[in-house]
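Engineer: following is a predicted model, sequence given first.
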Amino acid sequence: MPGAGENLDGERIASSLVPPRDVHRSLLVLIAIRAAILLVGLNLANPLGILPPHLGPVPFLPLFNALAVILTLTYLALWWSGRQLMFQLYLQIAVDMAVTTILVANTRGIESAFVSFYILIIICCSLMLGKNGGMIGAALSTILYAGMIAAGNLGLIPLGGVRMDLQNATFRISAHSLGFFAVAFLGAYLSQRLHAVQRELEEKIHSLKQLQRLNEHIVSSIRSGLITTDLEGRIAVFNNTAEELTDRESAEMLEKPVQILLGERLWMRIINNDFFKNARPLRHQDCLTLASGAQRHLGLSVSPLLDQEQQLIGYIISFQDLTEIKRLEEEIRLKDRMAAIGRMAAGIAHEIRNPLTSMRGSVELLRSRVTLSKKDERLLDILIRESDRLNKFVENFLMFAHPGKYTKSTVELVSLLRDSVTLLQNSPEVREKHNVRLKLDTQQIQIQGNADQLKQVFWNLAQNALRAMPDGGTLTITARLAPDGGGQILFEDVGVGMSPEEKEHLFQPFHSGFKGGIGLGLSITFQIVEDHHGRISFESERGQGTKVTIYLPHQHQLVSANSVQ
């Protein structure tokens, strides 16, 4: 296709002449400047008697005014289309040279005040087309100017009656030509310097953008929450981890006061802290309540944000999630308390149990040998019943303090849970207003454990859930696979729930939330789950019910862990 080849060649030529700049915008500026020079310059020159009254039969000034308007509208239409911009540039330069030549020829030729218009065109060529364009513009201007003077001296065109000898005309033409090429050279030099500075600026802007993207990538990738603020506390940076830890969107928090996250008390500590004197960050731990109602423990570190002059311009707040660490610390403290109680129980339980057994046996013997009144027999029955209750308590306490060594084997949790729920539904613990619902998201979960111990865990949790619903309600027990292949058992009730104080003492022995309870059920449950290398967690609010989640690892995970140990 010849047309396509010619177009490609034109593009190559254009790219070699045109500097890397916004041609579209430059053309618009050029159109505006040309219209202003023609319309304003000619109308100011007319009162001075510089312009001729007519160009042939047509009045000179109205003709050029109309020409300026028509050319401007034509150029604007071409510019608005956005096509063939380089062709439009060449066209404008060619028309400008033709108009300037006509204007100079009709305003006393070599003595015309409009010869300087050639210089403006040459400057435009240098800036828009580079060194080669400037030189070509200077050469064309010289040729047109010299041709016009020669044609006038030969009488081919009228020059307002101005004629000169060959020597004077040659000197004038040479002087103007020297000026034209000097302007072209200076324009080209300035254009090159401008383009060099522009390229350098573009490179620096590109490097700055790369650094900015790298900085944004680093800030968004670090696994700590990061917030920066100004001196008034307005948030300027809120990274991805901060979104995850606070459960808030960056777009929501930017330009918002950081006090809505940290609270006024911590903010007052920040602004009153002398970072320069202390020379170390301000550290703080706080509990943040998320939009979902869950609580998250955060460890915060606040540092000053300084400018190049080491002046304080804001604050940098980094924080980490300490929720899991707090949970592990609480488990360690609970295990320490249990170990201490276990050591104490080893002596106390046996010291109580042995005399208790003797006392009960003596009472039974006494009742069988002595005839007593009904009142005395009732007292002996109470004594035997209370002895049995105390003995049961000692047995539970011994189980808590020194759990027996149970053999572990492969246990199928789903069938074990079905049996436990069937037993529970037919027990006196379930009243008329109670509803026990079993929800199975999987049909098989195999773990390594002891079925009797796990039944006790399920029974203890189900009993607690039913007791938490004295007026009735639904207990939902769910079995599902954990993401790592283990099992998750959920007990969800709609009962009275627990206060934060009750949750703090949840697994501590002898802290029962129910009337008549001895407070060992959850402690034993916790110990059994720990013995199975599992985890147990509670979510509860007063009046909002309780959700208990038990995680038990898959039998292959347990075998792998034991082999590593």
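Structural biologist: Looks like it arrived, so ask away.
Engineer: what's in contact with stretch 413-427?
Structural biologist: For stretch 413-427, contacts defined as CB atoms under 8 Å, 6 or more residues apart in numbering pick out 430, 436, 438, 440, 442-447, 451, 454-455, 458-459, 462, 477, 479, 487, 489, 552. Heads up, the C-betas are built off the backbone N, CA and C, glycines and all.
Engineer: mind running it again at 7 Å?
Structural biologist: 430, 436, 438, 440, 442-445, 447, 451, 454-455, 458-459, 462, 477, 479, 487, 489, 552 (CB atoms under 7 Å, 6 or more residues apart in numbering).
Engineer: over to stretch 546-554?
Structural biologist: By CB under 7 Å, 6+ apart, stretch 546-554 touches 413, 447, 449, 461, 465, 468, 482, 484-493, 495, 497-498, 529, 532-540.
Engineer: what residues of it count as buried?
Structural biologist: Neighbour-count burial for stretch 546-554, counted by 16 or more other CB atoms under 10 Å, picks out 546-548, 550-554.
Engineer: mind exporting the C-alpha coordinates of it to PDB?
Structural biologist: Extracted in PDB, the C-alpha atoms of stretch 546-554 (Å, rounded to 0.1, in the frame of the first residue of the first chain):
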ATOM      1  CA  THR A 546     -22.700 -17.700  73.700                       C
ATOM      2  CA  LYS A 547     -20.700 -19.400  70.900                       C
ATOM      3  CA  VAL A 548     -18.100 -22.000  71.800                       C
ATOM      4  CA  THR A 549     -15.700 -23.200  69.100                       C
ATOM      5  CA  ILE A 550     -13.600 -26.300  69.600                       C
ATOM      6  CA  TYR A 551     -10.800 -27.100  67.200                       C
ATOM      7  CA  LEU A 552      -9.300 -30.600  67.100                       C
ATOM      8  CA  PRO A 553      -6.400 -31.400  64.800                       C
ATOM      9  CA  HIS A 554      -6.600 -34.100  62.100                       C
END
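Engineer: quick check: mean pLDDT across that stretch?
Structural biologist: On average, the pLDDT along stretch 546-554 is 89.
Engineer: kindly report the same for stretch 322-333.
Structural biologist: Averaged across stretch 322-333, pLDDT comes to 79.
Engineer: picking up where we left off before, residue 69: which of the buried residues of stretch 546-554 is nearest?
Structural biologist: Among these, residue 547 lies closest to residue 69 (CB to CB), at 80.6 Å.
Engineer: partners of that closest one in the sheet?
Structural biologist: residue 492, residue 539 (DSSP bridges).
Engineer: what's the spacing between it and residue 251?
Structural biologist: Residue 547 sits 32 Å away from residue 251, going by CB to CB, to the nearest Å.
Engineer: likewise for residue 214?
Structural biologist: In terms of CB to CB, residue 214 sits 22 Å off from residue 251.
Engineer: same check on residue 299?
Structural biologist: For residue 299, the distance to residue 251 - CB to CB - is 26 Å.
Engineer: which one of those two is surrounded by more residues?
Structural biologist: For residue 299 versus residue 251, the count of surrounding residues by other CB atoms under 10 Å is larger for residue 299: 16 against 9.
Engineer: the more buried one sits in which helix or strand?
Structural biologist: strand 295-306 (DSSP states H and E).
Engineer: what's near enough to touch residue 88?
Structural biologist: Applying CB under 7 Å, 6+ apart, the residues contacting residue 88 are 27, 75, 78-79.
Engineer: next, the closest residue in space to residue 226 that isn't next to it in sequence: phi, psi?
Structural biologist: Among residues not flanking residue 226 along the chain, residue 239 sits closest, at 4.5 Å (CB to CB, 6 or more residues apart in numbering). With angles defined as degrees, to the nearest 10, residue 239 sits at phi -80, psi 180.
Engineer: please apply the same query to residue 229.
Structural biologist: Dihedral angles for residue 229 - degrees, to the nearest 10 - are phi -130, psi 160.
Engineer: again, but for the one 4 residues further on
Structural biologist: The main-chain torsion angles of residue 233 are listed as degrees, to the nearest 10 and equal phi 90, psi 10.
Engineer: I'd say it and residue 262 touch.
Structural biologist: No. Contact criterion CB atoms under 7 Å: residue 233 and residue 262 do not qualify, at 8.7 Å.
Engineer: for PyMOL, write a command that selects the buried ones of the contacts of stretch 546-554.
Structural biologist: Of the contacts of stretch 546-554, the buried ones can be selected in PyMOL as follows, counting by 16+ other CB under 10 Å:
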select buried, resi 413+447+449+461+465+468+486+487+488+489+490+491+492+493+495+497+498+529+532+533+534+535+536+539+540
